[in-house]
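1. requesting a structural model of the entry that follows:
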Amino acid sequence: MAIVEIRNLTYRYPGSTKPSLYNINLSVDEGEFFLITGPSGCGKTTLCKCLNGLIPNSYGGDFDGEVIVDGLSTKNHPVYIIAQRVGLVFQDPENELFCTSVEKEIAFGLENLGLPREEIRKRIEETIAMMGISHLRDRAPYELSGGEQQKVAIAALLAMKPKILVLDEPTANLDPFSSKSVLDLLSRLKGEFGMTIILVEHRLEIVAKMADRCAILNNGSIALIGKPEEVLYSDEAEAIGIGIPKVVRLTKALGIKNRPLSSKSLANFIMVRK
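-> Numbers count the residues shown, from 1 in each chain. Got it, this is the predicted structure:
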């Protein structure tokens, strides 16, 4: 069953002459790991802001169509209501963290929801255990590494128990080790807790194999959508100019009909053929 439905969405920022998004139609099923990619400036971040109601409620502009998350239309409900269903993580976690400790950072959103003190304490304990960051609870966010900050930003959202987690290039400013740590966490959130994950990402080498489905945005519209192996192996994807994974390029160059998304899968396929 679809937990996100986007119908005929077109959006233009105030003062702009050209829509940033044009006629977007998209549905995401509950528990799905959905990957969105595309060239810079194609509308990915704008789409993320539409999913949690920041657009149009906080940005204005011309908004046509409808975005429905967990049964609620974003244009008919305030952001604080939508935020309890959709958690949005931006590229730079340092800009999202402002409290004096990790524990206070996680508590901040819960306090704004007006939850009882005991419920806040319970959710903090559950969340830091789930995220494996108990050792960071008394640390100031600015003392943490980029990967640790990103985990804290995600934890602060998970404590509010959203059904959908939207992440806008969460590994953009992280080193490879921290990137893998964050992406492994997302895989666990889906696998163990059944969360719906919508991930905007350029690093397709490591995320393509994690996704159930993939969409490529180009010039504000959906150019391609389908299973990652269908989308990334298409000639159109390469023509758009996204970072096609090296394993895809190598597989196509070798003329192999199989469509692996990881070097391990490709190696296993070649060994079987031998």
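2. look up the closest residue to Glu148, ignoring the ones flanking it.
-> Counting by Cβ to Cβ, 6 or more residues apart in numbering, Glu148 lies nearest to Leu136, which is 6.3 Å off, once chain neighbours are set aside. Just so you know, the C-beta spots here come from the backbone N, C-alpha and C atoms, and that holds for glycine as well.
3. show me the helices in the chain, by range?
-> Ranges of helices in the chain, per DSSP state H, are 44-51, 54-57, 79-82, 102-112, 117-131, 146-158, 176-193, 204-207, 228-232, 235-240, 246-253, 263-273.
4. what sits against the closest residue to His77 other than its chain neighbours?
-> Using Cβ to Cβ, 6+ apart and skipping the chain neighbours, the partner closest in space to His77 is Gly53 (6.8 Å). Going by Cβ atoms under 8 Å, 6 or more residues apart in numbering, Gly53 touches Val67, Thr74, Lys75, His77, Pro78, Val79, Ile81, Ile82, Ala83, Val86.
5. quick one: contacts for the second one?
-> Counting by Cβ under 8 Å, 6+ apart, Thr74 makes contact with Cys50, Leu51, Asn52, Gly53, Pro56, Asn57, Val67, Ile68, Ile82.
6. tabulate these (a markdown table), appending distance to Lys252 and pLDDT.
-> Listed next are these as a markdown table, based on distance: Cβ to Cβ, whole Å; pLDDT from 0 to 100:
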| residue | distance to Lys252 | pLDDT |
| --- | --- | --- |
| Cys50 | 34 | 96 |
| Leu51 | 33 | 96 |
| Asn52 | 37 | 93 |
| Gly53 | 41 | 94 |
| Pro56 | 41 | 92 |
| Asn57 | 44 | 92 |
| Val67 | 36 | 97 |
| Ile68 | 38 | 97 |
| Ile82 | 41 | 93 |
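7. before we move on, the earlier item: just the contacts of Gly53 now: which is nearest Val272?
-> Checking those against Val272 by Cβ to Cβ gives Val86 as the nearest, at 42.4 Å.
8. contacting residues for the closest residue to that closest one other than its chain neighbours?
-> Spatial nearest neighbour of Val86, excluding adjacent residues (Cβ to Cβ, 6+ apart): Asn52 at 4.2 Å. Asn52 sits next to Val69, Thr74, Val79, Ile82, Ala83, Val86, Gly87, Leu88, Val166 when contact means Cβ under 8 Å, 6+ apart.
9. that older thread, for the residue nearest to His77, grab phi and psi.
-> When read as degrees, to the nearest 10, the backbone of Gly53 gives phi 90, psi 0.
10. ok, it to Glu169 distance?
-> 20 Å (Cβ to Cβ, to the nearest Å).
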